[in-house]
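>>> Let's see this in three dimensions:
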Amino acid sequence: MAIDATEERAVSAGFLARHAKALAVLRSLAVSALLAFLTVLVVEWITRGSLAQVRNYFTNLQQPAWSTTGVFFVLYLAVDALIGRQHKAVLLVSPLVVLMGIISQQKQVFLTDPLYPTDLLFGRQILELMPVLVQDRPWTAALLAVAVLASVVGLVSLWVFAWRRFRPLTGKERLTRLAVALPLLAGFVSIMDYNEFSWMRDRLKVFPIMWDQAENYRHNGFVMAFAINLPMANVQAPAGYMTEAIDKIPSKPMPAGTTHRSKPDVIVVMSESLWDPTRLDSVKLSADPMPVIRENQGGNVFSPEFGGLTANVEFEALTGFSNAFLPTGSIPYQQYVRKPIPSLATFFRAEGYTARAIHPFSGWFWNRTSVYKAFGFETFKDVDKMPPLAKRGNFTSDEALTRELIRQADMQEDPFFFFTVTLQGHGPYDDGRYAKTDIEVDGRLDARENRMLASYAQGVKEADGSLKMLMDWASARDRETIIVVFGDHLPPLNTVYKNSGYMKSVTASRKGSAEQMKREHETPLVIWSNKTGAQKEIGTISPAFLSYHVLKEAGFEHPYYTGFLGAVHDRLRVIDRYMLIDAKGSATAGWARQKTIDPLVRDFRFLQHDIMFGKQYGLERFFNSHAELMAAGS
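Below you'll find the model as predicted:
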C-alpha cells in the first residue's frame, strides 16, 4: 500500500509539474500575443494620430489589424527562439517599427506621403541635411538629441533587465517555436507580392491599394502597407507589352536634328522650390517678389511632387518619361536608372553640343553622379568640382551659382546644353535665415508664419534677380541663347498653406479636382530666347513635356521628343498618377484603373517600359541619336 501511495504521489507531482509547465507556456504565449497587440496599437496610434481611428482599425473586421497582430506574434516567437530567451524579440523589433512609424508620421506632415520602402535608399540624404536642420532649429534638435539619448539608455536598461529576468527557452521549446513560426512567416512573405492575386491574403483582409497609397496605409495599416510596397522595385511589364506593340506605335519619319536656324545654346534651370507666393489670396506682400519671372512666364509646370523629391521632377524633365507609369513611391534615380537611358543630354550631344550638369551640392545626393552619366552628360560639376561659391542662408546662393554658370558658359566654344539645379530655395524657411528681408507680409497668418513666408519670398526675389542677371548676359551675346526656368515643386511652408486658406492641409493633396490639383501643384515656367523673347501660352504641362518645348523653341525635330511626345502633348498636357488633363483643360480622374486606357497613353507607357526595363525594341526608331552615341562610346 505504501508503494501505491508513493506512486500515486509521484504521478500527482508529475501531473502538477506538467500542468504548471503548460500554464507557463500558455502565459508566455499570452504575453507574446499581448506584446504583439501593443506593438501594432502604438505604431498605428503614431502613424494615424488618432486613438479613434486606431479603435476603428481594430474593431472593423474588414481591416487586417488582427492579421497584423498575428504576424507580429509569430515573428516574436521566431526571434525569441533564435535568441534563446522569451520576450526578448520585442526589444529588437518594436523599437525599429516604432521609429519607422515616427518617421512616416513626420514625412506625412512635410511631404504628404507615408514612409515607403524606397525611402530607405536615401537615408544618407537625410543625414547630410541634418546640420542644416540643427542650425535652423537648435532647440528642437537639442530636445531630439536628449530624447534619442534617453531612448537608448532606456532600451539598454530593458535589455539588461530582460537578460536577468526573462526565462531561457529549452532546446525543445526553441525547436517547436521555429517549426511553427518559420513556415508561417515564409507563407506570409510569399503572399505579399501585390502583382499576383492571393486567396490567403484576401482572407486575411489585406488588400493592396497601389493606386491610392493614402488609402493603402489607412486600410491595411502602416506595417502591412509597408510590406505590400516592398516588391515595388520589381516593375512588371504592362499587359500587352511585346515587340509587336512597340512596332505598332506610330512615328513621324523625321530625321533627328532637323533645324531651320543655327544651333542655339540652351540653359535649363530647375529652381529649387520656386513658386509664386502672391497666389496666397489672404496674404499681402509689400512687393512682387518675381517681376522678371511674371513678365516672361509662359505657363506652369504641374509638379508630381510636393515639398521634396526633386529628383522625380528632374527625371521627367530630362527624359520625357513619366512617373505616372512607375510604382507609387518609387524614385527612379535611386532604383531604376542602372543603364544608359535617352535624355536631352544624349540628344544635344549627338548634335555636337557640350552637355553638362551643374549643381552646387554633393554628387552622390539623389545618386546624381551615376544618373547623369547614364543620361549621357559629358561632365557633372558638383560642389567638389566648382570653385567655392558664396552662400545665402544655409545654401549656395542663386546669384553665386548664376555667376558660375555664366563663367562656365563663356569658356565654351561649341554650342552647349547646361542643366542646372539651384539650391538656395531649399527649406526650411524659418525666421533668421536671412539677416534682412526686403518683402513684408501682412494677412491672416500669425507672426511666426509671416516671418516664414517673408523668408521664403526673399529667396524667390533673389531667384528672380538671378534670372534677370542671366537674361542680361544672354541679351549681350551674338549666339542665340535659350533660357528655361521652372520650379520643381511647391515649398514646404507647413501651416502657412492651411492657415491662409490656400490648402485644406499643410501639404498638397494627391487627388482632387483639376482646379484644386493645379492650385496645389503648379510652379512657374519661363522659356525665353535672346532672339525671339519669351514663349507664351504654354499652359500647364507635366515636366515630361518640357523636352518637347525646349526642342521646339530651339528649332529641332526628333522622333520621340517632338514626334511621339509632341503627339501626346497635342492631346494631353498633364499626365499624373491619378489624373489626366487634356489640351482643353478637361480632367479624367482614376484613368489608370479604367478597363480601357487611351491608346496614346498606353503606347506612352509601353515605350517608357521598353526603354527603361524592357528589350529596347523601340530604341533605334525613336532614339536613334542615343543608340548611335552609345554604340560609339562602347
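>>> So what's the gap between stretch 184-202 and the chain middle?
26 Å (CA atoms, centre = their mean, to the nearest Å).
>>> Touching, H219 and S67? I think so.
No. The pair H219 and S67 does not pass the contact test of CB atoms under 8 Å, sitting 12.0 Å apart. Where C-beta positions appear, they are placed from N, C-alpha and C, glycine not excepted.
>>> Work out which residue lies at the spatial centre of the chain.
L309 (4.4 Å; CA atoms, centre = their mean).
>>> In whichever strand or helix holds V223, which residues are buried?
Counting by DSSP states H and E, the element that carries V223 is helix 213-229. For helix 213-229, the neighbour count (16 or more other CB atoms under 10 Å) marks 213-214, 216-229 as buried.
>>> what helix or strand is L470 on?
Short version, using DSSP H and E: L470 is in helix 447-475.
>>> beta partners of K284?
Taking DSSP bridges as the rule, K284 bridges to D442.
>>> what's the burial count for it?
Per other CB atoms under 10 Å, the neighbour tally for K284 reads 12.
>>> What's the separation between the nearest residue to G590 once chain neighbours are set aside and P327?
Nearest residue to G590 in three dimensions, chain neighbours excluded: Y578, at 6.8 Å (CB to CB, 6 or more residues apart in numbering). Noted for Y578: a distance of 14 Å to P327, by CB to CB, to the nearest Å.
>>> hmm, back to that, I figured the residue nearest to G590 hits R510, correct?
Yes. Using CB under 8 Å, Y578 makes contact with R510 at a distance of 6.2 Å.
>>> Now do the residue nearest to R403 when sequence neighbours are not counted against A476, distance only.
In space, and not counting its chain neighbours, R403 is closest to M469: 7.6 Å by CB to CB, 6+ apart. Distance of M469 to A476, computed by CB to CB: 12 Å.
>>> Settle it for me: which of these two has more neighbours?
Set side by side, M469 and A476 show more neighbours around M469, with 17 against 8, by other CB under 10 Å.
>>> Can you list the helices and strands that the helix or strand encompassing L551 packs against?
Assigned by DSSP H and E, L551 falls within helix 546-554. With contacts taken as 3 or more CB pairs under 8 Å, 6 or more residues apart in numbering; DSSP states H and E, helix 546-554 sits against strand 265-271, helix 310-319, helix 344-350, strand 481-487, strand 522-529, helix 565-571.
>>> What lies in contact with the second one?
So that's helix 310-319. 268, 270, 272, 301, 303-305, 321-323, 331-334, 337, 341-345, 366-368, 371, 375, 419, 421, 486, 488-489, 542-544, 546-547 (CB atoms under 8 Å, 6 or more residues apart in numbering).
>>> repeat for the first one
Here strand 265-271 makes contact (CB under 8 Å, 6+ apart) with 310, 313-314, 317, 344, 348, 353, 398, 405, 409, 412, 415-422, 425, 463, 467, 470, 474, 477, 479-488, 546, 550, 554.
>>> List only those of these flagged as buried.
310, 313-314, 317, 344, 348, 353, 398, 405, 409, 415-422, 425, 463, 467, 470, 474, 480-488, 546, 550, 554.
>>> Contact partners for T437?
Taking CB under 8 Å, 6+ apart, we find T437 in contact with A454, S455, A457, Q458.
>>> So for it, what's the pLDDT?
As predicted, T437 sits at a pLDDT of 86.
>>> For it, grab phi and psi.
phi -110, psi 140 (degrees, to the nearest 10).
>>> By mean pLDDT, which helix or strand of the protein comes out lowest?
helix 123-136 (a mean of 60; mean pLDDT, DSSP states H and E).
>>> and stretch 534-552, how far out from the chain's middle?
That offset, for stretch 534-552, works out to 23 Å (CA atoms, centre = their mean).
>>> Stretch 35-46 too?
Using CA atoms, centre = their mean, the offset of stretch 35-46 from its chain centre is 26 Å.
>>> where along the stretch 351-500 of the chain do the helices fall?
368-374, 398-410, 447-475, 495-499 (DSSP state H, counting those that start in this stretch).
>>> relative orientation of the longest one and strand 481-487 in degrees?
What separates the directions of helix 447-475 and strand 481-487 is an angle of 170 degrees, with axes from the mean of the first three to the mean of the last three CA atoms, to 10 degrees.
>>> Remind me what helix 447-475 packs against, helices and strands.
For helix 447-475, the packing partners by 3+ CB pairs under 8 Å, 6+ apart are strand 265-271, helix 291-296, helix 398-410, strand 441-443, strand 481-487, helix 495-499.
>>> Can you list the buried residues in that helix?
Per 16+ other CB under 10 Å, helix 447-475 contains these buried residues: 449-467, 469-471, 473-474.
>>> Tell me where the model's unsure across the stretch 251-400 of the chain.
253-261 (pLDDT under 70).
>>> repeat that for 80
For the stretch 251-400 of the chain, the stretches with pLDDT under 80 are 251-262, 328-329, 334-335.
>>> Tell me which residues touch L389, please.
P360, V383, T396, S397, A400, L401, E404.
>>> One more: V383?
Per CB under 8 Å, 6+ apart, neighbours of V383: H359, P360, F361, S362, G363, L389, T396.
>>> Mind picking the one among those that's closest to V506?
F361 (26.0 Å; CB to CB).
>>> The closest one and S397, how far apart?
Separation of F361 from S397 (CB to CB): 13 Å.
>>> Could you do E553 as well?
Counting by CB to CB, the gap from E553 to S397 is 28 Å.
>>> Would you double-check that N300 falls in a helix?
No. With DSSP: H, G, I helix; E, B strand; the rest coil as the criterion, N300 is assigned strand and is not in a helix.
>>> okay, now it: neighbour count?
Using other CB under 10 Å: N300 sits among 21 other residues.
>>> Name the nearest residue to it, ignoring sequence neighbours.
N300 sits nearest to E522 (CB to CB, 6+ apart), 4.0 Å away.
>>> To what extent is the one you found buried, counted in neighbours?
20.
>>> Could you verify my assumption that it touches F306?
No. Taking contacts as CB under 8 Å, E522 lies outside contact range of F306: 11.3 Å.
>>> Check which helix or strand the nearest residue to V90 once chain neighbours are set aside maps to.
Of all residues not flanking V90 in the chain, L35 sits nearest, at 4.6 Å (CB to CB, 6+ apart). Assigning secondary structure by DSSP H and E places L35 in helix 2-48.
>>> low-scoring pLDDT stretches of the stretch 501-634 of the chain, where are they?
Looking at the stretch 501-634 of the chain by pLDDT under 80, you get 625-634.
>>> what about 70?
Applying pLDDT under 70 to the stretch 501-634 of the chain picks out residues 627, 630-634.
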